[in-house]
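Participant: from the sequence below, what's the structure:
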Amino acid sequence: MKNFVVKTIANAGALAVAVWLLDKITLTGDSTGKQVGTLILVALIFGLVNFLVKPVVKLLSLPLLILTLGLFTLVVNALMLLLTSWLADTVDLSFHVDGFWTAVLGGLIISIVSWALNMILPDGD
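Facilitator: Model (predicted):
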């Protein structure tokens, strides 16, 4: 359970950095508390999408991943971020990613920041 909480916090931090750096990834709210709550919920959705959908997409796109020497992973990450944005909109969370190329750059930022935070934060093992 501790590992799940740590990964969710890392995802929320990574999403916050992406929102801060990119103008076309928006997170709106009346107060800072609402924004943090929305960010945690979006991080949960993002984690769920990465846990359930991403392995299937990576398996189906395995030939492209091999052909591009793994660079197609950027496209997969962008698609997962766009799916998260769509799901967040479906459940009335104020998180939105505007466009594919913004999602590619956002996915890259989220991957780097999430990796760094997972290295710093303790895991549940």
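
Participant: could you check how far residue 39 is from residue 75?
Facilitator: 25 Å (Cβ to Cβ, to the nearest Å). Every C-beta, even on glycine, is put in place using the N, C-alpha and C of the backbone.

Participant: centroid-wise, who is the farthest residue in the protein?
Facilitator: The outermost residue of the chain relative to its centre, with distances by Cα atoms, centre = their mean, is residue 67 at 24.7 Å.

Participant: what about the helices in this structure?
Facilitator: 2-21, 32-52, 54-60, 62-67, 72-90, 100-120 (DSSP state H).

Participant: mean pLDDT added to the ones you listed, as JSON lines?
Facilitator: Below are those laid out as JSON lines (pLDDT from 0 to 100):
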{"stretch": "helix 2-21", "mean pLDDT": "90"}
{"stretch": "helix 32-52", "mean pLDDT": "93"}
{"stretch": "helix 54-60", "mean pLDDT": "94"}
{"stretch": "helix 62-67", "mean pLDDT": "94"}
{"stretch": "helix 72-90", "mean pLDDT": "95"}
{"stretch": "helix 100-120", "mean pLDDT": "92"}
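
Participant: centre of the chain to stretch 73-90, how far?
Facilitator: 7 Å (Cα atoms, centre = their mean, to the nearest Å).

Participant: again but with stretch 90-101, I slipped
Facilitator: That offset, for stretch 90-101, works out to 11 Å (Cα atoms, centre = their mean).

Participant: ok, and what's touching that stretch?
Facilitator: Stretch 90-101 has contacts (Cβ atoms under 8 Å, 6 or more residues apart in numbering) with 15, 19, 24-29, 38-39, 41-42, 45, 78, 81-82, 84-85, 88-89, 103, 106.

Participant: what of stretch 35-46?
Facilitator: Contacts of stretch 35-46 (Cβ under 8 Å, 6+ apart): 8-9, 11-12, 15-16, 19, 27-29, 80-81, 84, 87-88, 91, 93-95.

Participant: alright, calling it a day.
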